[in-house]
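> using only what follows, build the 3D model:
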Amino acid sequence: MTSHSDGLRRLRNFINGEYVDSVDGRTAPVVNPATGEAYAEAPVSTAEDVDRAFRAAADAFENGWRDSTPAERQIILNKIADAVEERADELVAAEVENCGKPVKATREEEIWQVTDALRFFAGAARVLEGKAAGEYMADHTSWIRREPIGVVGQITPWNYPMAMAAWKIGPALAAGNTIVLKPSDTTPVSTLLLAEIAAEFLPPGVFNVVTGDRDTGRALVDHPIPRLVSLTGSTRAGYEVAQSASRDLKRLHLELGGKAPVIVFDDADVEKAAEGIAGAGYFNAGQDCTAATRVLAAPGIHDDLAAALAEQAKKTKTAGPDETDAYYGPLNNPNQLDRVSGFFERLPDHAEVLTGGSAVDRPGYFFSPTVVSNLRQGDEMVSEEIFGPVITVQRFDDEDTAVAWANSVKYGLASSVWTKDHARALRVSRRLDFGCVWINTHIPIIAEMPHGGFKHSGYGKDLSLYSLEEYTRIKHVMSYIGRD
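Below you'll find the model as predicted:
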């Protein structure tokens, strides 16, 4: 990175183990969401830049990385994790500038997600499984090889740029693939730093980062070299990537939007539920596909729960990165602030804003912690992902209605059930059409368990051995062993 006379840092792509300028030199500003001011400029990479990165990745795959052993990959991933811890201050500073997040929360909640994912996949690299070798046909022995796919393309979002990069590169590297990754155009800094850190241990070309806009992403998906593309982003982006990849029969992993239902039954502890829901709904300004922002409340506790959620919102503070009592920071960009605000401009008359509902009057893209009640099943706020610090509350009549309403949206990523009735919790968790169901909690994620959804939330899994398998291909090898 270098600095310009105007004070903006000049970012560069990271290709073949070093920072390089883009081909045509075109750049775009990178803005700190907490101030609304630009602090850097990043390349708007072209198809030529993307091609350069993929050719470096292809050379690295063919000339050594594909032949690395699981043990060698494990050692390298663990070294990268150690280096992330050693340079945590730099990564936190980069992520805070990227996203405007509170420093304390970024350090405590996100650095460990990066290191934990890398260390999990370091170990997982050595325990891939397949069907036992054997004589499934007389005089022939068959066995299964799990091989790396080769070169993969990856696209990460702006809500957790550093953690999502780790979730993608961890399984891809553990399986023996090489990578070209494009971070969001609004949050490239921490990903570039992560690539720089990883390059100390990886051969050149194994992990490459190109920055840019939607056209850059399209060039990545359209390129003929990658045989798998992994995207974490919006459902709209998922549609486009799927259409493009299908023309070249690329494999896909899509982690897209969410609209998590939070079903709270009459026997739940209202105060504990409100505290847990608010924590999982407002974290990261609600910019989380699994956020607890769509509450379905039983009639006996609806009013009390809505009131308790409003009190939790009033105790939740949004503020700048260095304000230690801030629970969450700004929305990521002005377009997202406009999007969240737009829901309130279109709010139906029957809805009631119990607290919040507007942008905060300060520099940056801050939105107040909000609770909206009296919503109906067909309302826009209930069916569409808001991706902001907004919790909605609906009243349901019975269990069947709660499940039907929960499942009626197009998304299927995450959900939760709050009840003291164990049988009910198991029954409802079976009926919910979501990739994750939490019981009496919401949002904890662990590396050993898969993260991924159904329906318009995409397909494929992050984390766990299931994710590692996504980055492999299965080959059957058969040998004739009969006696002539």
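> who's in contact with Q377?
Q377 sits next to Q394, W405, S408 when contact means C-beta atoms under 8 Å, 6 or more residues apart in numbering. Backbone N, C-alpha and C define where each C-beta goes, glycine included.
> mind giving me TSV with those and columns for neighbour count, secondary structure and distance to D139?
As requested, the contacts of Q377 are arranged in TSV below (neighbours: other C-beta atoms under 10 Å; DSSP: H, G, I helix; E, B strand; the rest coil; distance: C-beta to C-beta, whole Å):
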residue	neighbour count	secondary structure	distance to D139
Q394	23	strand	65
W405	17	helix	59
S408	14	coil	56
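> what about A34, which SS state?
Recorded secondary structure, A34: coil (DSSP: H, G, I helix; E, B strand; the rest coil).
> before we move on, what about W167?
W167 is classified as helix under three-state DSSP.
> just to check, it is in contact with L463?
Yes - contact criterion C-beta atoms under 8 Å: W167 and L463 qualify, at 6.4 Å.
> okay, those two: which has more neighbours?
Taking neighbours as other C-beta atoms under 10 Å, W167 and L463 compare with W167 leading, 27 against 24.
> can you pull the pLDDT of that one?
pLDDT for W167: 98.
> avg pLDDT for stretch 270-281?
Stretch 270-281 comes out at a mean pLDDT of 98.
> contact partners for W167?
So W167 contacts A117, T232, H451, D462, L463, S467 (C-beta under 8 Å, 6+ apart).
> and for P102, the neighbour number?
Neighbour number of P102 under other C-beta under 10 Å is 26.
> now D21
Counted with other C-beta under 10 Å, D21 comes out at 11.
> give me the sheet partners of the helix or strand in which V417 is found and which way each runs.
Using DSSP states H and E, the element containing V417 is strand 414-418. Strand pairing for strand 414-418, using DSSP bridges, gives strand 261-264 (parallel), strand 436-439 (parallel).
> quick one: low-confidence ranges for the protein?
1-6 (pLDDT under 70).
> what's the closest of the strands paired with strand 414-418 to E323?
Proximity to E323 (C-beta to C-beta) singles out strand 261-264 among the strands paired with strand 414-418, at 28.1 Å.
> run through the helices of the stretch 351-484 of the chain in chain order.
380-383, 399-407, 422-431, 464-470 (DSSP state H, counting those that start in this stretch).
> which other helices and strands does the second one contact?
I take that to be helix 399-407. Packing partners of helix 399-407 (3 or more C-beta pairs under 8 Å, 6 or more residues apart in numbering; DSSP states H and E): strand 261-264, strand 294-297, helix 422-431.
> try it again at 10 Å.
Other helices and strands packing on helix 399-407, by 3 or more C-beta pairs under 10 Å, 6 or more residues apart in numbering; DSSP states H and E, are strand 261-264, strand 294-297, strand 390-395, strand 414-418, helix 422-431.
> please apply the same query to the last one.
Helix 464-470 sits against helix 111-124, helix 161-174, strand 228-232, strand 251-255, with contacts defined as 3+ C-beta pairs under 10 Å, 6+ apart.
> 8 Å - rerun?
Checking 3+ C-beta pairs under 8 Å, 6+ apart, helix 464-470 ends up next to helix 111-124, helix 161-174.
> all the helices of the stretch 51-200 of the chain, residue numbers only.
Ranges of helices within the stretch 51-200 of the chain are 70-86, 88-99, 103-109, 111-124, 161-174, 189-198, based on DSSP H, counting those that start in this stretch.
> from the chain's centre, how far out does the longest one sit?
Computed by C-alpha atoms, centre = their mean, to the nearest Å, the chain-centroid distance of helix 70-86 equals 22 Å.
> what's the answer for stretch 412-431, then?
With C-alpha atoms, centre = their mean, you get 24 Å for stretch 412-431.
> my guess is M164 contacts L231. True?
No - M164 lies out of contact with L231 (C-beta under 8 Å); the separation is 10.4 Å.
> quick one: the strands in the stretch 301-450 of the chain, in order.
352-355, 370-373, 390-395, 411-412, 414-418, 436-439 (DSSP state E, counting those that start in this stretch).
> what's the closest non-adjacent residue to M381?
T392 (5.2 Å; C-beta to C-beta, 6 or more residues apart in numbering).
> I should have written P102 there, sorry.
Using C-beta to C-beta, 6+ apart and skipping the chain neighbours, the partner closest in space to P102 is A326 (4.6 Å).
> who touches both of W167 and L463?
What both W167 and L463 touch, as defined by C-beta under 8 Å, 6+ apart, is the set A117, H451.
> a markdown table for the contacts of Q377, including distance to K250?
Output for the contacts of Q377, formatted as a markdown table (distance: C-beta to C-beta, whole Å):
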| residue | distance to K250 |
| --- | --- |
| Q394 | 40 |
| W405 | 36 |
| S408 | 32 |
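> L77: which of the residues you listed is nearest?
Looking across those and measuring by C-beta to C-beta, the closest to L77 is S408, at 41.3 Å.
> residues in contact with the closest one?
By C-beta under 8 Å, 6+ apart, the contact set of S408 is Q377, S383.
> repeat that for 7 Å
Applying C-beta atoms under 7 Å, 6 or more residues apart in numbering to S408 gives the contacts Q377.
> now do P330
P33, A34, G100, A285, G364, Y365, F366.
> that older thread, the residue nearest to M381 against E384, yeah?
No - using C-beta atoms under 7 Å, T392 makes no contact with E384, being 10.8 Å away.
> which one's more surrounded, those two?
Neighbour totals were compared for T392 and E384, and T392 leads with 24 against 15 (other C-beta under 10 Å).
> report the central residue of this protein.
Nearest to the mean C-alpha position of the chain, counting by C-alpha atoms, centre = their mean, stands M164 at 4.8 Å.
> my read: that one touches Q154, true?
No - checked against C-beta under 7 Å, the pair M164 and Q154 is beyond contact range at 9.1 Å.
> measure the closest residue to G17 other than its chain neighbours to D59 for me?
Leaving out its chain neighbours, the residue that sits closest to G17 by C-beta to C-beta, 6+ apart is P204, at 3.1 Å. Per C-beta to C-beta, to the nearest Å, P204 is found 9 Å from D59.
> and if you look at P161?
From P161 to D59 the distance is 27 Å (C-beta to C-beta).
> more neighbours: these two, which one.
A count of neighbours by other C-beta under 10 Å puts P161 above the other of P161 and D59, at 25 against 17.
> does the more buried one touch L192 like I think?
No - if you go by C-beta under 7 Å, P161 and L192 don't touch, sitting 10.0 Å apart.
> hmm, back to that, with respect to burial, which of the strands paired with strand 414-418 scores highest?
Of all the strands paired with strand 414-418, strand 261-264 has the most neighbours on average by mean count of other C-beta atoms under 10 Å, namely a mean of 28.
> contacts for the helix or strand just after that one?
Using DSSP H and E, the helix or strand that follows strand 261-264 towards the C-terminus is helix 270-282. Residues from elsewhere that reach helix 270-282 (C-beta under 7 Å, 6+ apart): 262, 264, 291-293, 295, 301, 304-305, 308-309, 312-313, 316, 327-328, 369, 389, 391, 418, 441-443.
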